[in-house]
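Asks: Mind looking at a prediction? Sequence and model below.
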Amino acid sequence: MTADTEIWAIVRGIFESFSQRDESSLERPMDPDCTVWDVFEPELIVGSEEREAFHQRDRQQSQARGALSWEVEPLNLDIVGDIAIARYYLHFTYQPPHATQGRVRITDILQNKTGVWKIIHHHEGMTPTGPPGFEHQH
């Protein structure tokens with residue numbers, strides 16, 4: 001398996017684990033000190049202890065919604081030595097109750113530690129539609 005294939009499999013695995021509410025598998029590719037900017041959280045999440053508290057909050061909001069469907073749209077992957085930067089879109093839809101959907105821009109920074117790629121930073125942000133008050137033009 002090439003590094004590119006392995007990294008995109010890690011990325012898709014994150015969301016597969018999330019949609020199955022499998023937090024142990026979700027944590028597997030994370031470095032213990034991994035930081036996270038989550039799309040629904042206002043503060044930076046630092047390290048495994050804060051991620052565990054985040055998972056509890058996130059589990060509650062996720063369980064209050066209907067079924068989740070998602071799709072990862074890979075954009076760009078740079079690998080320089082033992083560091084990789086993956087940029088991609090995530091399209092998600094929660095069914096009722098509390099339905100919502102969106103397109104999220106995500107950057108993952110991974111480090112190859114002893115032959116294993118680990119995420120050291122995960123950054124999410126909703127994709128803007130343009131400046132506030134203006135229609136998006138193509």
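Replies: Ah, there it is.

Asks: Which pLDDT value goes with residue 9?
Replies: With respect to pLDDT, residue 9 scores 98.

Asks: Look at it and give its secondary structure.
Replies: Assigned state for residue 9: helix (three-state reduction, DSSP: H, G, I helix; E, B strand; the rest coil).

Asks: Tell me which residues are up against stretch 99-106.
Replies: Residues outside stretch 99-106 that contact it (C-beta atoms under 8 Å, 6 or more residues apart in numbering): 39, 65-66, 86-94, 122-127. (Each C-beta comes from the backbone N, C-alpha and C, glycine too.)

Asks: Can you show me the CA trace of it as PDB?
Replies: Below are the C-alpha coordinates for stretch 99-106, written out as PDB (Å, rounded to 0.1, in the frame of the first residue of the first chain):
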ATOM      1  CA  ALA A  99     -31.700  17.200  10.500                       C
ATOM      2  CA  THR A 100     -28.800  19.100   9.300                       C
ATOM      3  CA  GLN A 101     -26.300  18.900   6.400                       C
ATOM      4  CA  GLY A 102     -23.200  20.700   5.300                       C
ATOM      5  CA  ARG A 103     -19.900  20.700   3.500                       C
ATOM      6  CA  VAL A 104     -16.800  20.900   5.700                       C
ATOM      7  CA  ARG A 105     -13.300  21.800   4.700                       C
ATOM      8  CA  ILE A 106     -10.800  19.600   6.600                       C
END
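
Asks: How far does it sit from its chain's centre?
Replies: Averaging C-alpha positions (C-alpha atoms, centre = their mean, to the nearest Å) puts stretch 99-106 11 Å from its chain's average.

Asks: Show me what counts as buried in that stretch.
Replies: For stretch 99-106, a neighbour-count test (16 or more other C-beta atoms under 10 Å) marks 104-106 as buried.

Asks: before we move on, the earlier item: can you say which of the contacts of stretch 99-106 are buried?
Replies: 86, 88, 90, 92, 94, 122-124.

Asks: Confidence-wise, which of those comes last?
Replies: residue 94 (93).

Asks: sorry, back to before: inside strands: which ones of the contacts of stretch 99-106?
Replies: Taking DSSP state E, the ones among these that sit in strands are 86-94, 122-126.

Asks: Narrow the buried residues of stretch 99-106 to those in helices?
Replies: Among those, no residue falls in helices (DSSP state H).
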